[in-house]
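> sequence and predicted structure below; questions after.
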Amino acid sequence: MYRYKRNKLSEVIITVMASAIGSHQALAQEQNALEEVTVTGIRASLERSMDIKRDSSGVVDAISAEDIGKFPDTNLAESLQRITGVSINRVNGEGSEVTVRGFGPGFNLVTLNGRQMPAANVATVGGDQDADFATGTSRSFDFSNLASEGVSGLEVYKTGRASNSSGGIGATINIKTVRPLDDPGIKAIIGAKAMHDTGVAFEGDDFTPETSGLFSWTNEEETLGVSLFGSFQERHGGSRSATVNDWDIRDAGTIRDGSSEFVGNDTVVNNLPSDALWVSIPKDSRYHVTQTERERQNGQLTVQFRPREDVTLTLDALYAENSQEERRTDQTNWFNAIRSEMTFDGDSVVSSPVFQDQDIPGDAKDIGFEQQLRSQNDELKSFGFNAEWDLNDNLSFAFDAHSSKSESNPNGPLGTSSILFGIGAFVVDSHSLDISSGFPKQSIEFNDEIYGNGNGVLDASELASSVARTVSSSQEHEIDQFHLSGSWEFDNGRADFGIASTRSDMTQARLETTQTLGGWGNKTPDIPTDLVEEFCLTCEFEDFNPGGNQINAFRGDAEKLYMAMAGPWNDDDITNTELNMVEEDVLAAYFQFTLEGELAGFPTRLVLGTRYETTDSKSTSLMGIPKHIVWESDNDFGRNLAGNLPITHSNSYDNLLPGIDFSIDLREDLVGRVSYSKTIARPSYGDLFASNSVNNPSGPTALGAVPGGDQGNPFLLPLESSNYDLSMEWYYGDSSYVSAGFYEKRVNNFVGTSKETLYSMDLYTPDVQLRDVSSGAEGSRSGDALALLDELGADRSEAHLFTMTALLDNFGAEAAKDMFSDNMDEDMNLPQAYVDEILTEYDLIPNEDDPLMAFDVSVPVNNKEAKIYGFEVAAQHFFGESGFGVQANMTTVRGDIGFDRAADPSETQFALLGLSDSANLALIYENFGLSARLAYNWRDQFLSGVNRGASNNPVFVDDYGQWDMNVSYEVTDNLTVLFEGLNFTSESIKTFARDESNIWFAQELDARYLIGAQYKF
């Protein structure tokens, strides 16, 4: 388990807080002597946020706009990360989703003006290799879809509140937009910015535009108001990255005794993992260069009418569209046979080969240059109506209704989210992979004498097609919500009550196709040379060092290549289909009492409330049924579909969610708080699906590969959390405070995973019998092939087993034995050319002699309990009227369940995700029309996923710190010019598996700079 490492930032924060407290008395005297002044800009924004925190019941943090149309950050997620206890996930360096106190994006509820927002997010663009096959199954909201200029404030409710919709265990985050009657008059602001992304790879597009405008009008009587907001943003960028498809965890004893398919009779093994339990073997590595484009449009319209003093009617509409495209070029380095040399790192738990080499004596194998096009379009639409009626001085009512819809749809040619066009060149004489530095370094020895033109240079004329694949993935989420509430004020208190109805409909779909062109072993060049261009991919890296001998890469337009060589797919090319729907109907009623009084002479506030909810859900799926699983080459398997099967399940449950907040003013400037609440969060949609699915094995099952599968569970219950908060807040100045708090969350019904060994007839119907052509079972073709390999003294490698099985299937046992023997070299190995010839020519389809394939099926179940706890410390201080100020905060997050590196790779694990310490530091100056902020945000290493790949590996995200700055100057009362720098030190991100050397994704990120101006009318 990876633990928090002391960071210098924590020492800085402690020092800053001590200085702020120590200087309080002197500054207080100085401030008393000053005349009252009007505070604007950053300081005014922070004062409003501080007032919200101080006056709220429970633990609430907020961010307020500096002025109409002037939010502190260009991205809402990046604003939220500056709140104590909030950290973010980044896509292409930009904040997208938030984690609060260790609870990830799917466990935080996002509302817009108090209304629950739908969430549809197919995270295809910007991810690692798995992103090509991303599905929309979570409840997480993507903040990057909304422009910050249209937001007036953000509120983060960290403790439960009876009047809030359920669903946020971590927090409920409310986005507030402009309401014209809240700020009467005629106001308008327009802004324009030019962004320069230093990672951009487009000629002539070094700068891209951002424009926004906000207009707010009310009549003189302040009975009618209209606000209108619009924005447009275009962003071009790029990045360099490295990935590994999967880390194969095997028993270290198979390396020690030489029985592993990775080592043979002649393999040189250095630093033999003599004490290790497991070994972690990468089967490939890839380098990528990406080019990204994004267009985001936002629009908001609000109309308010106050026909009488006691009645206010509000109509509003919001539209957001975010269209993204990413073009990626791969350079692959894959291993498919016995290694020539392996050097292990000596880890006693999971030992990894820090170096591995594969020679291809007298032959050559292929290097891959897959071209990828990722395209996704997100849309958010929301229409709402609100009526407020003050019946008398004590009693008021409100009715609110909205219909909102979020969609994430494929935006590429042929309706695709991803196009993956495979290209290969048989020019690799030998190749190696070195991961000792924490970055996968490839080294390739070049040879084009055998299959190329022999000129010693890789040419476009030597490129051959392999396989073309497409993925089309979508998610649609619609919410219809009605809320009737009332408030009755009485002496020293208030009673709030209400009823609400929420209808949520989520639909997820995905379709995958595969078209075999030249095949994986194609040695015949057939790529049109005018559709590709040569370039040095590894030269693009700036921070990471690929090192070693490299081959120039080729890039082309995946769409043009696909249309030229594959063309539109047909029904026979479909390899997987998914259609899943989850419907939820929630009825709720709540009561809440606020009582103000005294305790031992100290002013107090007590808030008691409870919310009762009943939920009815229905899960419906249309499952694609595989006809059979075909063995296509060494470790490649494919499938064809036989049809579809519908299935539906229903469930219902209810929850009682009490809450209590108690605050006491120990002094006029000192507030103590104690809170308890019970909150729930519903499982991810993917866990609730009614469908079942099976995965292709990652290699022959005879050599240890285990095919997996997934089965949904529509009968899951929501997670239930009992939350405890204790805090103290000292407000010692108009703009200054210090706060410290402890929190604890005890969660039941966490979704863990149960593992079952099932067969296809258990998952689909009795008629579906998927058989295992690679089992090695006695009496099967692969079983006979293993016996022949042993008889010849050949290694049991994937390449050898597939080749022998294919020969036996097509020519019989005696001929297969002779053909195999005749082609073996002196080391008892087959040359790569012969292996490629056979895998190109033959596929292996199961028959009645093959046993039924057994799948390790993962089933989500409510079987886990966990406790999360930690401390939050925050400080904000302004040094009199000097204009200088400082903000600092730090949050610790601890949990009692982590990932066990030593666990058997066949076992799924439950672990708490997202737990990490975080900290922020901001230095502020604002005076004489100049406003500046230098901010540092840091998040420690955390676990973001479990059970990835065939070996149930974790996904850890390495610690990350980013520096941002913004500077603005008021040229006149109306005109402001500004400059912003984001990640101006160009920090990079890494994710890894069971060891820091086991890289999943290492991406270089680049600085972004913006210059612009705003004009206020």
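Sure, I can see it.

> which parts of the chain are helices?
8-22, 24-33, 41-55, 76-80, 253-256, 558-565, 685-688, 760-763, 781-792, 798-811, 813-823, 832-841 (DSSP state H).

> what comes up buried for the last one?
What that stands for is helix 832-841. Buried residues in helix 832-841, counted by 16 or more other CB atoms under 10 Å: 832-836, 838-840. Every residue, glycine included, has its C-beta placed from N, CA and C.

> any chance of those in JSON lines, plus distance to residue 999?
Converted to JSON lines, the buried residues of helix 832-841 look like this (distance: CB to CB, whole Å):
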{"residue": "832", "distance to residue 999": "27"}
{"residue": "833", "distance to residue 999": "31"}
{"residue": "834", "distance to residue 999": "33"}
{"residue": "835", "distance to residue 999": "28"}
{"residue": "836", "distance to residue 999": "28"}
{"residue": "838", "distance to residue 999": "33"}
{"residue": "839", "distance to residue 999": "28"}
{"residue": "840", "distance to residue 999": "31"}
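
> and of the helices of the chain, who's closest to residue 847?
Within the helices of the chain, the stretch nearest residue 847 is helix 781-792; the backing value is 7.8 Å (CB to CB).

> report the backbone C-alpha coordinates of that closest one in CSV.
Included here for helix 781-792 are C-alpha records, laid out as CSV according to Å, rounded to 0.1, in the frame of the first residue of the first chain:
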residue,chain,number,x,y,z
ARG,A,781,-6.2,-30.3,-30.8
SER,A,782,-4.4,-28.0,-28.4
GLY,A,783,-3.8,-30.9,-26.0
ASP,A,784,-2.3,-33.0,-28.8
ALA,A,785,-0.2,-30.0,-29.8
LEU,A,786,1.2,-29.7,-26.3
ALA,A,787,2.2,-33.4,-26.4
LEU,A,788,3.9,-33.0,-29.8
LEU,A,789,5.8,-29.9,-28.5
ASP,A,790,7.1,-31.9,-25.5
GLU,A,791,8.0,-34.8,-27.7
LEU,A,792,10.1,-32.5,-29.9
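
> in the stretch 101-250 of the chain, which spans are strands?
Secondary structure of the stretch 101-250 of the chain, counting by DSSP state E, counting those that start in this stretch: strands at 109-112, 115-116, 151-157, 172-177, 186-197, 208-218, 224-243, 247-251.

> err, the stretch 651-800 of the chain, not the other one
So, for the stretch 651-800 of the chain - with DSSP E, counting those that start in this stretch - the strands run 670-681, 692-694, 708-711, 719-730, 737-758.

> run a quick neighbour tally on residue 308.
Neighbour count for residue 308, taken as other CB atoms under 10 Å: 9.

> state the pLDDT value of it.
We have a pLDDT of 94 for residue 308.

> can you check residue 29 too?
39.

> just to revisit the earlier point, which one of the helices of the chain lies closest to residue 919?
helix 8-22 (5.0 Å).

> the closest one - what's its average pLDDT?
40.

> residues near the closest residue to residue 336 other than its chain neighbours, how many?
Once flanking residues are discounted, residue 336 sits nearest to residue 634: 4.8 Å by CB to CB, 6 or more residues apart in numbering. Counted by other CB under 10 Å, the residues lying close to residue 634 total 22.

> do you know the pLDDT at residue 634?
pLDDT, read off for residue 634, is 88.

> ok, it - contacts?
Residues near residue 634 by CB atoms under 8 Å, 6 or more residues apart in numbering: 336-337, 699, 798-799, 802, 835, 839.

> what would the strands of the stretch 651-800 of the chain look like in TSV with mean neighbour count and mean pLDDT?
Listed next are these as TSV, based on neighbours: other CB atoms under 10 Å; pLDDT from 0 to 100:
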stretch	mean neighbour count	mean pLDDT
strand 670-681	20	96
strand 692-694	23	87
strand 708-711	21	88
strand 719-730	19	96
strand 737-758	18	92
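
> those: which one's closest to residue 853?
That would be, of these and by CB to CB, strand 692-694, which comes in at 8.0 Å.

> residue 224 and residue 218 touch, don't they?
Yes - using CB atoms under 8 Å, residue 224 is in contact with residue 218, at 6.6 Å.

> more neighbours: which of these two?
Each of residue 224 and residue 218 has its neighbours counted (other CB under 10 Å); residue 218 has more, 21 against 16.

> now that one, nearest residue through space, not along the chain?
residue 225 (4.0 Å).

> hmm, back to that, can you list the strands of the stretch 651-800 of the chain in JSON lines and add distance to residue 964?
JSON lines is the format used below for the strands of the stretch 651-800 of the chain (distance: least, CB to CB, whole Å):
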{"stretch": "strand 670-681", "distance to residue 964": "31"}
{"stretch": "strand 692-694", "distance to residue 964": "42"}
{"stretch": "strand 708-711", "distance to residue 964": "40"}
{"stretch": "strand 719-730", "distance to residue 964": "27"}
{"stretch": "strand 737-758", "distance to residue 964": "23"}
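
> if we can go back for a sec, can you redo the buried residues of helix 832-841 as a markdown table with pLDDT?
Output for those, formatted as a markdown table (pLDDT from 0 to 100):
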| residue | pLDDT |
| --- | --- |
| 832 | 81 |
| 833 | 83 |
| 834 | 90 |
| 835 | 90 |
| 836 | 86 |
| 838 | 92 |
| 839 | 89 |
| 840 | 87 |
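
> just the C-alpha atoms of stretch 116-132, please, in CSV.
Only the C-alpha atoms of stretch 116-132 are listed here, as CSV (Å, rounded to 0.1, in the frame of the first residue of the first chain):
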residue,chain,number,x,y,z
GLN,A,116,-29.9,17.7,-9.7
MET,A,117,-28.0,17.6,-12.9
PRO,A,118,-27.8,14.6,-15.2
ALA,A,119,-24.3,13.2,-16.0
ALA,A,120,-23.2,11.6,-19.3
ASN,A,121,-19.5,11.1,-19.8
VAL,A,122,-17.8,8.7,-22.2
ALA,A,123,-14.2,9.5,-21.4
THR,A,124,-12.7,8.5,-24.8
VAL,A,125,-10.7,11.6,-25.6
GLY,A,126,-7.5,12.1,-23.5
GLY,A,127,-7.2,8.7,-21.8
ASP,A,128,-4.8,5.8,-22.1
GLN,A,129,-5.2,2.6,-24.2
ASP,A,130,-8.4,1.6,-22.3
ALA,A,131,-10.1,4.8,-23.3
ASP,A,132,-10.6,3.6,-26.9
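
> list the buried residues in it.
116-132.

> one more: stretch 247-255?
For stretch 247-255, by 16+ other CB under 10 Å, it's 247-252, 254-255.

> who's in contact with it?
259-260, 262-263, 269, 272-273, 276-283, 342, 344, 350-351, 698, 704, 905, 949-953, 993-994, 998.

> equivalent analysis for stretch 905-914, please.
87, 99, 102-104, 249-250, 278, 706, 750, 752-753, 755, 856, 858, 863-864, 866, 868, 893, 895-900, 903, 942-947, 950-954.

> now stretch 808-827
Taking CB under 8 Å, 6+ apart as the rule, stretch 808-827 contacts 264-266, 361-362, 781, 784-785, 788, 791-792, 794, 803-804, 807, 830-831, 834, 842, 844.

> now the buried members of those.
Applying 16+ other CB under 10 Å to the contacts of stretch 808-827, the neighbour count classes 264, 781, 784-785, 788, 794, 803-804, 807, 830-831, 834, 842, 844 as buried.
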